[in-house]
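Visitor: this one's sequence-less:
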């Protein structure tokens, strides 16, 4: 943050919009929400034109796109797209699971819900929606979240369909892939209550935490942030294209500097949409859209909104507190576990296995995969939850030593697991091995003796038990 700048004095106003993909099938058909589907087997082209909205006017941003005179090329896979994405079939009824997820998130943000969810058409003529519009619906409004710098109001919470992704552009045409088109999004827009760039980052992180506590997609491209900024004497500017939260602070600072410089030179600042660039500056994208782009969707019936039957997920920040307090897990490990996709698996494992301690299970689910990647350059992300449960069950029953965990996980990933390989030795035989090691290696340190025994019985004995016997017989 620029410490020299008084953001209150310059009339800084800022709000955030967050778009997060939901982990369900598509919003208006039953196609799976697959991104990066391979080998497209469908191609077609379109020309798009704008229509007047409810105000009787054509949206300025839509007209800006039409004047480019382009046509649009599309490719799709029949495994992830159907006639709905191609605008050859009317949309199906809205995805009820997606609506429930948005309602749950709205409760976490203390929002009021609308009486009836009415799908609207939002004119989009850049080719990213084959139909020439994006379907969106207001679900909740007038919410708020608490931050270190005061309450930030939530203006609106919507459910809408994601756009197609651009893969090629020339002067004559732009080409899109349809695998992403129609994936459900939750759109959250705050009021301009953000105090400064550092506060903007905090608000984005808080909203992201709430969303990750519900059923949303994870990974690159699953969440996008837009920032609306203005200063006294300037104009509202919407900046799009944030993928990394770390860049929000720097981009806002540079946009404020840009507007301050234009005001100093006496130049007019227009309301517009700008794109964030890698160096944290911005470039013009299109004019600011207005109310003229919205009109009712006639092919989708309205849906009554209700919190009845909505099961609230535990917030990530509350999970962290529970893991540290009840489960006695270190704060860093608790934070990593709560933010991972293994949190539910951990909770289920702790209910199922009575002989395993919480820190060990958490390390197995979160730390062990990272250690395997670091030590052996092996990615075990393909290992299913049922495989983790099976491994933990073996350890819980004493059929596999804890020290063999990494090797067992690697074998599971490679499909080479054989439990006989890890069959432990009896307590009587282990005591004899420890005694023999002490007698045959007089003068050796406890650490050296430990290393010898563990090397001989790799994966078949519990290191903790070996150390106990060495201390007992030394």
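Guide: Received, thanks. Since this is a predicted model, take the numbers as computed values, not measurements.

Visitor: In three-state terms, label residue 387 for me.
Guide: helix (DSSP: H, G, I helix; E, B strand; the rest coil).

Visitor: right, and it touches residue 411 too?
Guide: No - Residue 387 is not in contact with residue 411 according to CB atoms under 8 Å; the separation is 10.4 Å. Every residue, glycine included, has its C-beta placed from N, CA and C.

Visitor: Low-confidence ranges, this protein, go.
Guide: Applying pLDDT under 70 to the chain flags the ranges 1-3, 49-56, 58-59, 61-63, 65-67, 243, 290-292, 423-426, 458-460.

Visitor: The strand ranked longest in it: partners in the sheet, and parallel or antiparallel?
Guide: For the chain, the longest strand by residue count, based on DSSP state E, is strand 133-147. In the sheet, strand 133-147 lines up against strand 112-113 (antiparallel), strand 119-123 (antiparallel), strand 150-161 (antiparallel) (DSSP bridges).

Visitor: Select, out of the ones you listed, the one closest to residue 280.
Guide: Residue 280 lies closest to strand 150-161 among the strands paired with strand 133-147, at 23.1 Å (CB to CB).

Visitor: sorry, back to before: what about the strands paired with strand 133-147, which gets the closest to residue 345?
Guide: Nearest of the strands paired with strand 133-147 to residue 345, taken as CB to CB: strand 150-161 at 28.0 Å.

Visitor: distance between the closest one and the chain's centre?
Guide: Distance of strand 150-161 from its chain centroid, counting by CA atoms, centre = their mean, to the nearest Å, is 17 Å.

Visitor: Give the buried residues for that strand.
Guide: 152, 153, 154, 155, 156, 157, 158, 159, 160, 161 (16 or more other CB atoms under 10 Å).

Visitor: need the contact list for the residue nearest to the second one when sequence neighbours are not counted.
Guide: Read that as residue 153. Distances taken as CB to CB, 6 or more residues apart in numbering place residue 191 nearest to residue 153, at 4.0 Å, with adjacent residues excluded. Counting by CB atoms under 8 Å, 6 or more residues apart in numbering, residue 191 makes contact with 15, 152, 153, 154, 155.

Visitor: if we go to 6 Å?
Guide: By CB atoms under 6 Å, 6 or more residues apart in numbering, residue 191 lies in contact with 15, 153, 155.

Visitor: Could you do residue 277 as well?
Guide: Residue 277 neighbours (CB under 6 Å, 6+ apart): none.

Visitor: now swap in the one 3 residues further on and tell me
Guide: Residues touching residue 280, when contacts are defined by CB under 6 Å, 6+ apart, comprise 250, 251, 254.

Visitor: switch to 8 Å and redo it
Guide: Neighbours of residue 280 in contact, by CB under 8 Å, 6+ apart: 247, 250, 251, 253, 254.

Visitor: Kindly report the domain assignment for this structure.
Guide: As assigned by automatic domain parsing, the chain contains the domains 13-304, 318-417, 427-473.

Visitor: Run a quick check on residue 258 versus residue 274, I expect a contact.
Guide: No - judged on CB under 8 Å, residue 258 makes no contact with residue 274 at a distance of 9.1 Å.

Visitor: and those two? which has more neighbours close in?
Guide: The residue with more neighbours, out of residue 258 and residue 274, is residue 274; 22 against 17, by other CB atoms under 10 Å.

Visitor: now, of the domains of the chain, which is deepest in the fold?
Guide: Greatest average neighbour count among those goes to domain 13-304 (a mean of 18), per mean count of other CB atoms under 10 Å.

Visitor: Next, the distance between the ends of that domain.
Guide: 35 Å (CA to CA, to the nearest Å).

Visitor: What of stretch 304-322?
Guide: 35 Å.

Visitor: repeat for stretch 24-33
Guide: First-to-last distance for stretch 24-33 - CA to CA - comes to 7 Å.

Visitor: And the next helix or strand past whichever strand or helix holds residue 259?
Guide: Secondary structure assigned from DSSP states H and E places residue 259 in helix 245-264. Where DSSP H and E defines the elements, the next helix or strand beyond helix 245-264 is strand 272-276.

Visitor: List of residues touching that following strand?
Guide: The list of residues contacting strand 272-276 from outside it, by CB under 8 Å, 6+ apart, reads 61, 235, 237-242, 247, 251, 255, 282-289.

Visitor: As CSV, the strands paired with strand 133-147 with distance to residue 136 would be great.
Guide: Listed next are the strands paired with strand 133-147 as CSV, based on distance: least, CB to CB, whole Å:
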stretch, distance to residue 136
strand 112-113, 16
strand 119-123, 5
strand 150-161, 4
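
Visitor: Now for residue 103: which residues touch it?
Guide: 113, 139, 140, 305, 306, 307, 310.

Visitor: one more time with 6 Å
Guide: Taking CB under 6 Å, 6+ apart, we find residue 103 in contact with residue 310.

Visitor: can you give me phi and psi for it?
Guide: Dihedral angles of residue 103 (phi, psi; degrees, to the nearest 10) stand at phi -60, psi -40.

Visitor: One more: residue 301?
Guide: The phi/psi pair for residue 301 (degrees, to the nearest 10) is phi -70, psi 150.

Visitor: Nearest residue to the most centrally placed residue in the chain in space, ignoring adjacent ones along the chain?
Guide: Geometric centre of the chain, nearest residue: residue 218, 3.4 Å, by CA atoms, centre = their mean. Nearest residue to residue 218, sequence neighbours excluded (CB to CB, 6+ apart): residue 341, at 6.5 Å.

Visitor: any idea how far residue 414 is from that neighbour?
Guide: 22 Å (CB to CB, to the nearest Å).

Visitor: measure residue 414 to residue 383 for me?
Guide: 10 Å.

Visitor: where do the strands sit along the stretch 151-300 of the chain?
Guide: 165-169, 173-177, 184-190, 223-230, 237-242, 272-276, 282-287, 294-296 (DSSP state E, counting those that start in this stretch).

Visitor: Redo those strands as CSV? Include distance to residue 449.
Guide: CSV is the format used below for those (distance: least, CB to CB, whole Å):
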stretch, distance to residue 449
strand 165-169, 60
strand 173-177, 61
strand 184-190, 58
strand 223-230, 52
strand 237-242, 56
strand 272-276, 59
strand 282-287, 64
strand 294-296, 76
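
Visitor: closest one to residue 87 among these?
Guide: Evaluated with CB to CB, the strands of the stretch 151-300 of the chain place strand 173-177 nearest to residue 87, the distance being 12.6 Å.

Visitor: what's the angle between the closest one and strand 165-169?
Guide: Counting by axes from the mean of the first three to the mean of the last three CA atoms, to 10 degrees, strand 173-177 lies at 150 degrees to strand 165-169.

Visitor: Quick check: which helices or strands does strand 173-177 pack against?
Guide: strand 71-76, strand 165-169 (3 or more CB pairs under 6 Å, 6 or more residues apart in numbering; DSSP states H and E).

Visitor: Name every strand pairing with that strand and say which way it goes.
Guide: Checking strand 173-177 against DSSP bridges gives partners strand 71-76 (parallel), strand 165-169 (antiparallel).
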